[in-house]
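> give me the fold of what follows.
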Amino acid sequence: MTAQRVLELGRAAGLRVATAESCTGGMVAAALTDIAGSSAVVDCGFVTYSNDAKQAMLGVSSDTLARFGAVSEEVAREMALGALAHSRADVAVSITGIAGPGGSEHKPEGRVCFARARRGGACTAETVEFGALGRAKVRAAARDHALDLLATAISETDQ
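Just a heads-up that it's a prediction; the model follows:
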């Protein structure tokens, strides 16, 4: 899915989007706002790289962070819901992961957790194992996957 297509879907549905990004550092918001006219669809983007930022800007629970770690579907869900709670967006996507280099046996490089949420609707999360592709490729793959999730969330809302 391209950023252009996400914007077309959002415009057609009359919906606004928000992003909550950690390992991608704003790449999803940048892909969307690189396109002229994106202000009709993009409400805001949160870059919450640190756990403190996730808590302060998105309301992620310190208990959730301590229990599951920043790279978890639970944190991704709270990030997406927090983006909706702290914006005027109708749809949000979140990304938290280990772009590399590094990782551990339990949380390897290339593991990225995503969530998509609709205001007044469902919030779903998933984990994608991109593998040790290298930092730039993991981040690009995560950006592209998040754009796909935004398109899906917009389409679900428009039914």
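
> wouldn't residue 71 be in contact with residue 94 here?
No: Residue 71 is beyond contact range of residue 94, at 11.8 Å (criterion: CB atoms under 8 Å). Placement of C-beta: from N, CA and C, glycine included.

> settle it for me: which of the two has more neighbours?
Ranked by neighbour count (other CB atoms under 10 Å), residue 71 and residue 94 place residue 94 first, with 34 against 21.

> mind checking the SS state of that one?
strand (DSSP: H, G, I helix; E, B strand; the rest coil).

> what pairs with it across the strands?
Here residue 94 sits in beta bridges with residue 20, residue 115, going by DSSP bridges.

> so it sits against residue 83, correct?
Yes: if you go by CB under 8 Å, residue 94 and residue 83 touch, sitting 6.4 Å apart.

> between these two, which contacts overlap?
Residues touching both residue 94 and residue 83 (CB atoms under 8 Å, 6 or more residues apart in numbering): 19, 20, 117.

> output the contacting helices and strands for the longest helix belonging to the chain.
In the chain, taking DSSP state H as the definition, the longest helix is helix 135-157. Packed against helix 135-157 by the contact rule (3 or more CB pairs under 8 Å, 6 or more residues apart in numbering; DSSP states H and E) you find helix 3-13, strand 17-21, helix 27-33, strand 91-97, strand 111-118, strand 123-129.

> and the angle from that helix to strand 91-97?
150 degrees (axes from the mean of the first three to the mean of the last three CA atoms, to 10 degrees).

> okay, helix 135-157 in PDB with CA atoms only?
Provided in PDB are the C-alpha atoms of helix 135-157 (Å, rounded to 0.1, in the frame of the first residue of the first chain):
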ATOM      1  CA  ARG A 135      18.100  -1.400  10.500                       C
ATOM      2  CA  ALA A 136      17.100   0.600   7.400                       C
ATOM      3  CA  LYS A 137      15.300  -2.300   5.800                       C
ATOM      4  CA  VAL A 138      13.400  -3.300   9.000                       C
ATOM      5  CA  ARG A 139      12.300   0.300   9.400                       C
ATOM      6  CA  ALA A 140      11.200   0.600   5.800                       C
ATOM      7  CA  ALA A 141       9.300  -2.700   6.000                       C
ATOM      8  CA  ALA A 142       7.600  -1.600   9.200                       C
ATOM      9  CA  ARG A 143       6.600   1.700   7.600                       C
ATOM     10  CA  ASP A 144       5.100  -0.100   4.600                       C
ATOM     11  CA  HIS A 145       3.300  -2.600   6.800                       C
ATOM     12  CA  ALA A 146       1.800   0.300   8.900                       C
ATOM     13  CA  LEU A 147       0.500   2.000   5.800                       C
ATOM     14  CA  ASP A 148      -1.200  -1.300   4.900                       C
ATOM     15  CA  LEU A 149      -2.800  -1.400   8.400                       C
ATOM     16  CA  LEU A 150      -4.000   2.200   8.100                       C
ATOM     17  CA  ALA A 151      -5.600   1.400   4.700                       C
ATOM     18  CA  THR A 152      -7.300  -1.700   6.300                       C
ATOM     19  CA  ALA A 153      -8.500   0.300   9.300                       C
ATOM     20  CA  ILE A 154      -9.900   3.100   7.000                       C
ATOM     21  CA  SER A 155     -11.700   0.500   4.800                       C
ATOM     22  CA  GLU A 156     -13.200  -1.200   7.900                       C
ATOM     23  CA  THR A 157     -14.500   2.100   9.200                       C
END
